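next one to model:
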Amino acid sequence: MKKSGAIAIVFDDHLLFADSFSALIERLELFRAVHTISEERELINFLIRHSQSPIYLFLDYYLKNKNGLPLINEARRLNKQITIIVVSSVASPVAITNILSYNPQGLVSKSSGFNAILECLTVIDEGGQYISPVLSDIISNVNLSKKILFTGRELEVLQYFAHGLSIAQTAEKTHLSKHTIVAHRRKMMAKANVNSITELLSYAREQELI
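Residues are numbered from 1 along each chain as shown. Below you'll find the model as predicted:
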């Protein structure tokens, strides 16, 4: 199972968890190096510098003021050899389904024991996708037709709305036009079957999307 030459990154803005988790990963002695990163810009720069290195990214879902899903596509763009393992306390069927729509190689619940990491890495080595049994049980007991998928960009826009930004401010933050932001808002409201941004944000909080 040893990852010859591979680098592990633990990306989590909860530093106590990140440091503890990194220490456990180091004990496995599977990786050439283990790094703890808590800032998005630092992660992007690291991936650019190591674009040719195999990297295992252990990514938290809940980050400061946003979730980690938009980072998945960016990480894959910057490093074609990257392996994405989402590590999270998420328990909402909608949030879990949104995470899986990004096809991470692993989805590990923070409520799992450390053996789950070993199982996850083994399954990935064998070419499979690992999902913690507790999370698999949550989505298996939910009617598929009731699961609502938001895109990474929609979730990013939703985060800005949740923090009180206007359409113009959100457009500036995302480098999109105001028309595009309005279109994203309209599509999300239609998906959630709600009639106002207040109802949309309430739905998103209930589903642990923000």
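
just checking, E74 touches L57?
No: with contacts defined as Cβ atoms under 8 Å, E74 does not count as touching L57, sitting 10.8 Å away. From N, CA and C alone the C-beta is placed, and that goes for glycine too.

the two: which has the busier surroundings?
When neighbours are counted by other Cβ atoms under 10 Å, E74 and L57 differ, and L57 comes out ahead with 27 against 14.

and that one, which helix or strand is it part of?
Of the helices and strands defined by DSSP states H and E, L57 is found in strand 55-60.

within the helices and strands, which one has A183?
When elements are defined using DSSP H and E, A183 is found to belong to helix 178-192.

neighbouring contacts of the helix or strand containing L16?
Taking DSSP H and E as the definition, L16 sits inside helix 15-28. Residues external to helix 15-28 that are found in contact with it (Cβ atoms under 8 Å, 6 or more residues apart in numbering): 8, 10-12, 31, 34-36, 38, 58, 87, 110, 114, 117-118.

what's the next secondary structure element after the least confident helix or strand in the chain by mean pLDDT?
When the helices and strands of the chain are scored by mean pLDDT, DSSP states H and E, strand 66-67 comes last with a mean of 73. Once the chain leaves strand 66-67, the next helix or strand it forms, by DSSP H and E, is helix 69-78.

thank you, goodbye.
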